[in-house]
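# here is my input, please return the structure:
(one chain, ligands or ions: 1)
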Amino acid sequence: MSDKSEIVIVSNRLPVHRVERDGGAGWETSPGGLVSAMTPILQDRPSTWIGWAGAADCSLEPFEHDGIRNCPVPLSTEEIANFYEGFSNSTLWPLYHDAIRTPSYHRHWWRPYREVNERFATIAAEVAAPNGIVWIHDYHFQLVPSILRTLRPDLKIGFFLHIPFPPEELFAQLPWRREMLEGLLGADVVGFQTKIGAQNFARLCRRYTEVTGTRDLDFKGRHVTIRAFPISIDFDRYESLARDPAVQQRAEAFKRQLGVNRRIVLGVDRMDYTKGIDIRIKAYGELLRSKRTTLQDSVFVQVAVPSRERVDEYQSLRDEVERLVGAINGTFGELGMAPIHYLHRSLPAEELVGLYLAADVMVVTPFRDGMNLVAKEYVASRIDEDGVLLLSEFTGSAHELKAALQVNPHDVDGLTNRMYAALTMSPTEQSRRMRRLRRIIRENTVYDWANTFFEALTA
Ligand code: GDG
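Next comes the predicted model:
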């Protein structure tokens with residue numbers, strides 16, 4: 001068998017993580033939609049996944065796990081600071097999310113970004129079989145398509161952006177805007193979460209590069225397909241977890257712990273300033289202050305998974321969230337009973353779905369989000385067709401989940417009113433909306449998403 005791969009995936013992290021066992025260290029497949037969506041496509045074909053293994057200054061040999069060859073790419077401590085925490089997460093991440101925190105532009109971050117992109121592209125060029133397929137994921141690697149195109153013109157190259165692609169006025173700030181656009185134009189297919197993202201990209205390419213065309217583009221004699229591919233979840237997995245008696249018992253236990261007569265309002269997010277965690281806690285505080293809900297009527301649970309903790313903006317968000325929770329609990333709580341329960345940690349999937357099952361209202365209020373899978377997971381878990389999804393208009397999911405109770409998260413009064421409407425929605429209205437939501441997600445799963453992208457790439 002050739003040691004070259006017909007399919008190569010490039011993403012920031014490998015689909016596995018290292019675990020310490022009795023007999024020494026080993027690898028385990030990481031939970032997550034992307035990994036399971038790729039598995040049916042990668043299995044039975046020689047394939048390689050290229051990514052960072054998650055530890056600094058660590059050089060590892062390629063290895064096989066669960067039928068997929070993993071190729072770990074080393075990053076130095078300096079590269080993690082400049083390429084990952086710097087350019088990726090302090091320049092691109094805020095810029096692409098409506099600049100809700102001011103993006104920082106530093107030339108000493110740009111150079112490592114380009115160098116790391118060159119390293120990943122070089123490895124992809126080495127492992128891909130003649131005429132093979134390379135699918136590159138996300139904002140960390142926007143230069144990889146064009147570098148790879150130069151090294152290996154025979155390849156089919158796809159790129160998918162998991163986060164929003166910003167409008168012209170914002171993207172124009174980026175000092176390296178032309179390089180970034182031309183980097184992406186090295187792909188055959190450039191995929192976005194929404195049509196707006198695809199349109200923003202095409203418009204910017206027409207302004208700053210030599211492309212021709214309106215919807216799809218032609219660049220240097222090649223055709224580049226620009227399209228929206230809204231990502232989704234493994235609907236059946238969430239539905240069957242929700243039917244699992246052990247998970248249902250967890251849900252009942254959560255309800256008992258929190259108080260059987262209290263309606264449960266739930267938020268689940270990475271601790272990220274794009275997610276609107278602070279604003280929803282403020283809105284819940286307003287509900288308590290105006291006595292539209294009380295400590296006895298409802299309880300708010302916020303799970304915030306630790307994320308990018310070495311970036312200052314994330315640290316100050318955590319401080320602010322913890323200050324707000326403390327202030328509201330201090331004002332409205334009683335001994336042995338708090339209005340807000342806040343967990344700063346990640347939960348096992350069974351517990352997460354137990355919480356989805358227990359929650360009467362799911363609050364998803366990002367100021368901007370590429371898609372938001374939590375909203376879709378909540379819907380898939382609601383096997384009894386009840387519960388209310390309160391969803392920000394500024395998520396990719398809002399384009400599909402029209403039957404959710406939609407809200408502008410910048411409007412605290414509006415959000416408070418909608419939260420109240422969610423808490424008091426009639427069972428008939430809940431199930432009318434939930435049935436429609438469930439149908440939409442059932443009809444476009446993460447497997448459909450992956451297949452549609454692959455079809456576009458191999459057409
Ligand atoms: C990016 C884009 C886009 C969360 N807490 C726990 C846990 N999670 C899992 C959820 C969900 C995932 O993390 C979060 O996905 P989101 O889509 O909500 O958000 P991002 O992490 O920002 O993802 C986003 C996505 O990429 C895919 O393209 O939708 O817009 O920003 O799956 O379930 N999982 C477990 N325990 C937790 O405590 N096990």
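# please make it C-alpha for all contacts and neighbour counts, starting now.
Will do.
# how far does stretch 150-169 sit from the chain's center?
How far stretch 150-169 lies from its chain's middle: 17 Å, per C-alpha atoms, centre = their mean, to the nearest Å.
# tell me which helix or strand residue 439 sits in.
For residue 439, the host element (DSSP states H and E) is helix 427-443.
# show me this structure divided up by domain.
Per automatic domain parsing, the structural domains of the chain span 5-231+447-458, 235-442.
# any residue of the longest one up close to the ligand?
Yes: Domain 5-231+447-458 comes into contact with the ligand when judged by C-alpha under 6 Å from any ligand atom, the residues involved being 32, 162-163, 231.
# and what about the residue of the stretch 151-300 of the chain found nearest the ligand, helix, strand or coil?
Nearest residue of the stretch 151-300 of the chain to the ligand, counting by C-alpha to the nearest ligand atom: residue 162, 4.2 Å away. Here residue 162 is coil, with the state taken from DSSP: H, G, I helix; E, B strand; the rest coil.
# that one: how many residues sit nearby?
The tally of other residues near residue 162 (other C-alpha atoms under 10 Å) stands at 20.
# equivalent analysis for residue 383, please.
When neighbours are defined as other C-alpha under 10 Å, residue 383 has 18 of them.
# cool, and residue 150?
Per other C-alpha under 10 Å, the neighbour tally for residue 150 reads 12.
# so it sits in a helix?
Yes: the assignment for residue 150 by three-state DSSP puts it in a helix.
# looks like residue 408 contacts residue 390 (just checking).
No: Residue 408 lies out of contact with residue 390 (C-alpha atoms under 8 Å); the separation is 10.3 Å.
# for the two, indicate the residue with more neighbours.
Higher neighbour count among residue 408 and residue 390: residue 390, with 22 against 17, using other C-alpha under 10 Å.
# what do residue 408 and residue 390 both touch?
Here residue 408 and residue 390 share the contacting residues residue 365, scored by C-alpha atoms under 8 Å, 6 or more residues apart in numbering.
# which positions in the stretch 201-350 of the chain make contact with the ligand?
So the stretch 201-350 of the chain meets the ligand at 231, 268-270, 305, 346-349 (C-alpha under 6 Å from any ligand atom).
# which parts of the stretch 151-300 of the chain are helices?
168-171, 177-184, 195-208, 235-243, 245-258, 277-289 (DSSP state H, counting those that start in this stretch).
# would you format those helices as JSON lines with distance to residue 70 included?
Below are the helices of the stretch 151-300 of the chain laid out as JSON lines (distance: least, C-alpha to C-alpha, whole Å):
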{"stretch": "helix 168-171", "distance to residue 70": "34"}
{"stretch": "helix 177-184", "distance to residue 70": "24"}
{"stretch": "helix 195-208", "distance to residue 70": "31"}
{"stretch": "helix 235-243", "distance to residue 70": "25"}
{"stretch": "helix 245-258", "distance to residue 70": "32"}
{"stretch": "helix 277-289", "distance to residue 70": "35"}
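# which of the ones you listed sits most buried?
Among these, helix 277-289 has the highest mean neighbour count (mean count of other C-alpha atoms under 10 Å), at a mean of 21.
# before we move on, the earlier item: in the helix holding residue 439, what counts as buried?
430-431, 433-438, 440-442 (16 or more other C-alpha atoms under 10 Å).
# which one of those residues sits closest to the ligand?
residue 441 (13.4 Å).
# residue contacts, the closest one?
232-233, 235, 376, 380.
# next: residue 284.
Contact partners of residue 284, counting by C-alpha under 8 Å, 6+ apart, are 300, 416, 419.
# same question for residue 399.
194, 393.
# now it, what's its secondary structure?
At residue 399 the chain is in helix, as set by three-state DSSP.
# same check, this time on residue 130
strand.
# neighbours around it, how many?
Neighbours of residue 130 using other C-alpha under 10 Å come to 15.
# that one contacts residue 153, doesn't it?
No: contact between residue 130 and residue 153 fails when scored by C-alpha under 8 Å: they sit 9.8 Å apart.
# circling back to that earlier point, buried subset of the contacts of residue 284, written for PyMOL?
Remark: buried members of the contacts of residue 284, expressed as a PyMOL selection using 16+ other C-alpha under 10 Å:
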select buried, resi 300+416+419
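# adding distance to residue 70 and pLDDT, write the contacts of residue 284 out as CSV.
Formatted as CSV, the contacts of residue 284 follow (distance: C-alpha to C-alpha, whole Å; pLDDT from 0 to 100):
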residue, distance to residue 70, pLDDT
300, 41, 98
416, 47, 98
419, 45, 98
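# need the contacts of residue 284 in JSON lines (columns: distance to residue 256).
Below are these laid out as JSON lines (distance: C-alpha to C-alpha, whole Å):
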{"residue": "300", "distance to residue 256": "14"}
{"residue": "416", "distance to residue 256": "26"}
{"residue": "419", "distance to residue 256": "23"}
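# which ones among the contacts of residue 284 are found in strands?
residue 300 (DSSP state E).
# from the contacts of residue 284, which single one is nearest residue 279?
Using C-alpha to C-alpha, residue 416 is the member of those that sits closest to residue 279, with 9.8 Å.
# tell me which helix or strand in the protein has the weakest average pLDDT.
The weakest-scoring helix or strand in the chain, judged by mean pLDDT, DSSP states H and E, is helix 33-42 (a mean of 78).
# let's see that helix as CSV, backbone CA atoms only.
Taking Å, rounded to 0.1, in the frame of the first residue of the first chain, the C-alpha atoms of helix 33-42 are listed here in CSV:
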residue,chain,number,x,y,z
GLY,A,33,-18.9,16.8,15.5
LEU,A,34,-16.0,17.3,13.1
VAL,A,35,-14.3,14.0,14.1
SER,A,36,-17.5,11.9,13.8
ALA,A,37,-18.6,13.7,10.6
MET,A,38,-15.2,12.8,9.0
THR,A,39,-15.0,9.2,10.2
PRO,A,40,-17.3,7.7,7.5
ILE,A,41,-15.5,9.6,4.8
LEU,A,42,-12.0,8.8,6.0
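# show residues contacting it.
The contact list for helix 33-42 (C-alpha under 8 Å, 6+ apart) reads 7, 15, 68, 232-234, 446-447, 450.
# buried set for it?
Across helix 33-42, burial judged by 16+ other C-alpha under 10 Å covers 33-34, 36-38, 42.
# pick the one among these closest to residue 355.
residue 33 (19.0 Å).
# quick one: the residues of domain 5-231+447-458 next to the ligand as a markdown table, columns for distance to residue 342 too.
As requested, the residues of domain 5-231+447-458 next to the ligand are exported to a markdown table (distance: C-alpha to C-alpha, whole Å):
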| residue | distance to residue 342 |
| --- | --- |
| 32 | 23 |
| 162 | 27 |
| 163 | 26 |
| 231 | 29 |
